[in-house]
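Enquirer: Pasting the sequence and the predicted model now:
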Amino acid sequence: MIHRDKWPVLEFDDNPIAKLNPTHFAGDGFDTDKMVITFFPEVIEKLLSSGQLQKCTVIPGENALTIYRFTEKPDVLLTLGQVGCPACGGNLDLYNAMGITKVMFCGGGGVLNKDMDVGQILVVDGAIRDEGFSYQYIPASRIIYTDTSVTEKIIQYLDKCEVPYIRGLTWTTDAIFRETENRIELRKKEGAKIVEMEQSGCIAVSQFRKFAYGALIYSGDDLSGEEWDGRKWRSREGVRYDLVKLCSEIVEII
């Protein structure tokens, strides 16, 4: 049933069946239920060149999706995420229809507090929903939270491995060029540590489809000052590589 509202984006329909469903494209599916989604293409290239990764399959389409498999962990798949909730969240829905029920996300985001060093890991507790995609999966709310049981497993593993981290909210936005000073200050007051473009949508899909999802976000560029500072965050290859490897371990225990 659709719940009418003044604003179209808030008109949530609780009917789980759409005209076009991910099952229409799922085919035979995967032979495993575990996947890591990363936004670090250079890490994928490094893993491939060192023999730690092999190509598993390509999902055809206008934007074909390449899926890889860890050679030492053949039950764990890896793929490159696409920017924004509609692309990344939509693909996640498809992967779930193909059999994926345990997902770890590792990407980067802009810090809202200059005290967060480049490479610092944020364990995502939830996301402020400043986008439109998630409202098609979960009724309207200002914040969407991750599954606490999954998050606790992630925390316990990081503690066991003595990996430093912080935990908190992200701010998910559709508009990378509309992160204004006033909006940044408001999101900081609401508790957001990092701004990114996928988390609220991916969390919403995982809640709607009822599968395990967790995310580690790498502290990247800085939006806390008077001017944007890139901080050369894309060149921190060691941290990004370690983060992908870490997620390949965590996805097996969530």
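Expert: Perfect, I can see it now. Residues are numbered from 1 along each chain as shown.
Enquirer: Mind jotting down where the strands sit in the protein?
Expert: 34-38, 53-59, 65-70, 76-80, 102-111, 121-130, 143-145, 166-173, 192-196, 212-222 (DSSP state E).
Enquirer: L80: how many residues sit nearby?
Expert: L80 sits with 15 neighbouring residues when counted by other Cβ atoms under 10 Å. To be clear about C-beta, it is placed using only N, CA and C from the backbone, and glycine gets the same treatment.
Enquirer: Could I get the strands of the chain in TSV, plus columns for distance to P16 and mean pLDDT?
Expert: Output for the strands of the chain, formatted as TSV (distance: least, Cβ to Cβ, whole Å; pLDDT from 0 to 100):
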stretch	distance to P16	mean pLDDT
strand 34-38	22	98
strand 53-59	23	95
strand 65-70	24	98
strand 76-80	25	98
strand 102-111	20	93
strand 121-130	20	97
strand 143-145	18	98
strand 166-173	23	96
strand 192-196	27	95
strand 212-222	18	85
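Enquirer: check contacts around the residue nearest the centre of the chain.
Expert: By Cα atoms, centre = their mean, the chain has its centre lying nearest to F105, at 4.3 Å. Going by Cβ atoms under 8 Å, 6 or more residues apart in numbering, F105 touches 36-38, 81, 124, 198-199, 202, 213-216, 247.
Enquirer: Nearest to N182 among the residues you listed?
Expert: The closest of the contacts of F105 to N182 turns out to be Q199 (Cβ to Cβ; 21.8 Å).
Enquirer: Nearest spatial neighbour of that closest one, chain-adjacent residues omitted?
Expert: A127 (4.0 Å; Cβ to Cβ, 6 or more residues apart in numbering).
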